[in-house]
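Asker: Curious how this folds, go ahead:
(one chain, ligands or ions: 1)
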Amino acid sequence: MEDIWGQACAALETSVGPNNFNHWIKPLRLTGLDGGIAHFASPTRFISDWVNRHFAKDILGELSRHGQPVERLRFDVVPQTAPGRARPVAVPASPARPVGSVAAPATARVARADLGAPLDPRYTFGNFVVGKPNELAHAAARRVAEGGPVGFNPLFLYGGVGLGKTHLMHAIAHDYQTRHPMAQVLYLSAEQFMYRFVQALRESTIMDFKGMFRNVNMLMVDDVQFIAGKDSTQEEFFHTFNALVDQGKQIVISADRAPAEIKGLEERIKSRLSCGLIVDLHPTTYELRLGILQSKTEGFRAQQPDLQIGAGVLEFLAHRITTNVRVLEGALQRLFAHASLLRREITLEVAQECLADILRTNDRKISIDDIQRRVAEHYNIRLADMVGPKRARNVARPRQIAMYLSKQLTSRSLPEIGRRFGGRDHTTIMHGIRKIEELVIEDHALAEDVNMLRRLLEA
Ligand SMILES: Nc1ncnc2c1ncn2[C@@H]1O[C@H](COP(=O)(O)OP(=O)(O)OP(=O)(O)O)[C@@H](O)[C@H]1O
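Answerer: Sure, this is the predicted structure:
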């Protein structure tokens, strides 16, 4: 049976693509083949439902090609053991140790919970839903979590608010820790890094601080944009980064924008960060939002099996709440709390009533089209000039203002903004945004124009 499944898997990886295969089919275990039925153990109901809906034909075809004919698939949900919290990083048992020394194996496992940030056990690869906007980030994260020579160091994940950067980082830590139980993973926010550094300076324990950070197998720093403009912290971060890369240790970084776009970050750090793989998590699509809603609903259902959700409710939410996944998740939580307190089925009407405020806010979302139209009207230029090639200042400057406002008021990435401005390269957009960032400081009239446009758009 193992052979049959192994051969079927090899063919399925090609036919459904490695991403789909890894996410949906690989977690399944073939447990039996009898009477034309293939029995599988699946870690979640969501995975089995998804596989049934999308890949049943492929699986039936491949199993029949490689063994006896199979007509149906049956799934039993057999949850995997949840990964535990990541082991806190090694610290010496005694308050001080000689300069440059490395913790001995016996002391290496001494836990000091206050060094890194705790990992959320819910943030695993198993419940990270993959779609076009995040598939590259997910694949890179998976690869890093496997360990071994990865070929890109650091992995730099960036994207707008609530798109899953932290979730992916925690998932890497859980998975890596499970595969390498003896390894030291340190996950913390850039703010915590600064806090630890300042504390070490204050308490004259800077050599311990250096030793602890240089002693990990994997360092993960979330929201690195926080250290921009903080000179001594950047200096220490730079040296920590170099020391770990020199030792072949993996680094994973996240930020709300690409390294080159982080104002106030030293050039040498930007250049180091750019040496690895930089991956953008794009804003969600309808399909991804629906997948996430289905996955989260599955989780709620596991706790409240009698929860009733009317047809079309999840589709409605995926259509209407497009800001970010955190808002989507919050909406779903509120809906379920409401339903369970009032013991009501969640119908479309209930959803509309219960989420009226969230839906209203989301509807006020500003689009790049709105921005281009408003700016073109204000400066009395043609809308076509927003996407056209004209370089004259009376056209180029308003276009740059529109680029700047698009970055500020929407969650679009630079490449996406570039596409909406006549297919311009993201570096051109970045240049335009920088120009306006400089001008709003020196040129009061322009700053007032920009502020007024922003207020009009947000009204
Ligand atoms: N693809 C996904 N599948 C499942 N859940 C997701 C996905 N993307 C985001 N989420 C969920 O959305 C919430 C917000 O995600 P997360 O905190 O990782 O975002 P973030 O990009 O780090 O945001 P911020 O920039 O605000 O720190 C989390 O609860 C996370 O589990």
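
Asker: ok, the residue in the stretch 101-250 of the chain that the ligand sits nearest to - contacts?
Answerer: Closest residue of the stretch 101-250 of the chain to the ligand, CB to the nearest ligand atom: G164 (2.9 Å). Where you see a C-beta, it was placed from the backbone N, CA and C, and this is true even at glycine. The contact partners of G164, taken as CB atoms under 8 Å, 6 or more residues apart in numbering, are F128, N134, A137, L281, V325.

Asker: If we use 7 Å, what do you get?
Answerer: Contacts for G164 (CB atoms under 7 Å, 6 or more residues apart in numbering) come out as F128, N134, L281, V325.

Asker: Now T166: closest residue in space that isn't a chain neighbour?
Answerer: D222 (5.8 Å; CB to CB, 6 or more residues apart in numbering).

Asker: Run through the bridge partners of that neighbour.
Answerer: S189 (DSSP bridges).

Asker: from here on, count from 14
Answerer: With the count now opening at 14, the last piece we talked about shows up as D235.

Asker: Show me which of the contacts of G177 is closest to H391.
Answerer: Nearest to H391 among the contacts of G177: L294, at 32.6 Å, using CB to CB.

Asker: Wasn't E148 part of a helix?
Answerer: Yes. Judged by DSSP: H, G, I helix; E, B strand; the rest coil, E148 forms part of a helix.

Asker: what's around it, how many residues?
Answerer: 19 (other CB atoms under 10 Å).

Asker: Equivalent analysis for D71, please.
Answerer: Here the count is done by other CB under 10 Å, and D71 has 18 residues near it.

Asker: next one: Q321
Answerer: Other residues near Q321 come to 12 when the count uses other CB under 10 Å.

Asker: Quick check: which element contains V265?
Answerer: If you go by DSSP states H and E, V265 is part of strand 263-268.

Asker: Check which element follows that strand along the chain.
Answerer: Past strand 263-268, the next helix or strand by DSSP H and E is helix 280-286.

Asker: Output that next one as PDB - backbone C-alpha positions only.
Answerer: Extracted in PDB, the C-alpha atoms of helix 280-286 (Å, rounded to 0.1, in the frame of the first residue of the first chain):
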ATOM      1  CA  GLU A 280      22.300  51.400   4.000                       C
ATOM      2  CA  ARG A 281      24.700  48.600   5.100                       C
ATOM      3  CA  ILE A 282      21.700  46.800   6.900                       C
ATOM      4  CA  LYS A 283      19.500  47.300   3.800                       C
ATOM      5  CA  SER A 284      22.200  45.800   1.700                       C
ATOM      6  CA  ARG A 285      22.700  42.800   4.000                       C
ATOM      7  CA  LEU A 286      18.900  42.200   4.200                       C
END
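
Asker: other SSEs contacting it?
Answerer: Here helix 280-286 touches helix 244-259, going by 3 or more CB pairs under 7 Å, 6 or more residues apart in numbering; DSSP states H and E.

Asker: what residues does the helix it packs on touch?
Answerer: Applying CB under 7 Å, 6+ apart, the set of residues contacting helix 244-259 is 166, 206-207, 210, 226-227, 232, 240, 264, 279, 281-282, 285.
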